[in-house]
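Participant: I need the structure of the sequence given here:
(one chain, ligands or ions: 1)
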Amino acid sequence: MMDGKEVKMLEFPQKGDERGHLVIVEGMKDVPFEIKRIFYIYGSDANVVRGQHANKKTEFVLINVAGTSKVKVRDGKGNEAVFSLNRPHTGIYLPKMVWKDMYDFSEDSVLLCLASEHYDASEYIRDYDEFVDIVNDK
Ligand code: TYD
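Facilitator: The predicted structure follows:
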């Protein structure tokens, strides 16, 4: 769908035993960047749509460590795909310059987000038309 680094589901190593589950996510190993920031989203109602932006620099991996949600990604050139996040040992990799909407949060959803960059509001594109213009070199 996207050039180069593509949107894709990732599966993380599990080292669970009779004591419980353990999932490992290491930068540059299980995700294709060094992790500089984490944040997590919970308590979003089922009818809420979050995200609704693209990032000029930041790559993300999103993991529903509890509950479920969906992520719709768009490349601004007419391609879109919906991914279900519903297992604590899987995540979605989002390269820079993809438009993302997160929605359909279950009541118990805890969406863990790993980011390749520190927060910088100026690298967020929050206007879809502007995003389309940029990816299409207008
Ligand atoms: P927002 O980007 O709208 O959240 P999401 O993409 O997860 O739906 O962020 C909500 C607010 O939090 C906004 O004012 C920016 C701020 N924020 C930070 O200060 N640092 C961060 O790392 C993030 C993700 C958001």
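Participant: gap between Leu112 and the ligand?
Facilitator: 11 Å (Cβ to the nearest ligand atom, to the nearest Å). All C-beta spots, glycine's among them, are computed from the backbone N, C-alpha and C.
Participant: what's the helix or strand for that residue?
Facilitator: Here Leu112, judged by DSSP states H and E, is contained in strand 110-115.
Participant: residues making contact with whichever helix or strand comes after that strand?
Facilitator: The helix or strand immediately downstream of strand 110-115 is strand 124-125, counting by DSSP H and E. If you take Cβ atoms under 8 Å, 6 or more residues apart in numbering as the criterion, strand 124-125 is touched by 53-56, 131, 134.
Participant: can you give me the strands in this protein?
Facilitator: 8-11, 37-42, 50-55, 60-66, 69-74, 80-85, 90-94, 99-103, 110-115, 124-125 (DSSP state E).
Participant: sheet-wise, list the partners of the longest one with their directions.
Facilitator: The reference is to strand 60-66. Looking at strand 60-66 with DSSP bridges, its partner strands are strand 90-94 (antiparallel), strand 110-115 (antiparallel).
Participant: next, the angle strand 50-55 makes with the longest one.
Facilitator: Note on geometry: by axes from the mean of the first three to the mean of the last three Cα atoms, to 10 degrees, strand 110-115 and strand 50-55 are set 10 degrees apart in direction.
Participant: so what's Leu10 up against?
Facilitator: Applying Cβ under 8 Å, 6+ apart, the residues near Leu10 are 30-31, 61, 90-93.
Participant: at 7 Å what do you get?
Facilitator: By Cβ atoms under 7 Å, 6 or more residues apart in numbering, the residues touching Leu10 are 30-31, 61, 90-91, 93.
Participant: and the strand holding Leu112, how far from the chain's centre?
Facilitator: In terms of Cα atoms, centre = their mean, to the nearest Å, the gap separating the centre of strand 110-115 from the centre of its chain is 7 Å.
Participant: C-alpha coordinates for that strand, PDB please?
Facilitator: Extracted C-alpha coordinates of strand 110-115, given in PDB (Å, rounded to 0.1, in the frame of the first residue of the first chain):
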ATOM      1  CA  VAL A 110      -6.000   0.100  26.500                       C
ATOM      2  CA  LEU A 111      -4.200   1.100  23.300                       C
ATOM      3  CA  LEU A 112      -0.500   1.300  23.800                       C
ATOM      4  CA  CYS A 113       1.400   3.600  21.300                       C
ATOM      5  CA  LEU A 114       5.100   3.400  20.700                       C
ATOM      6  CA  ALA A 115       6.600   6.300  18.900                       C
END
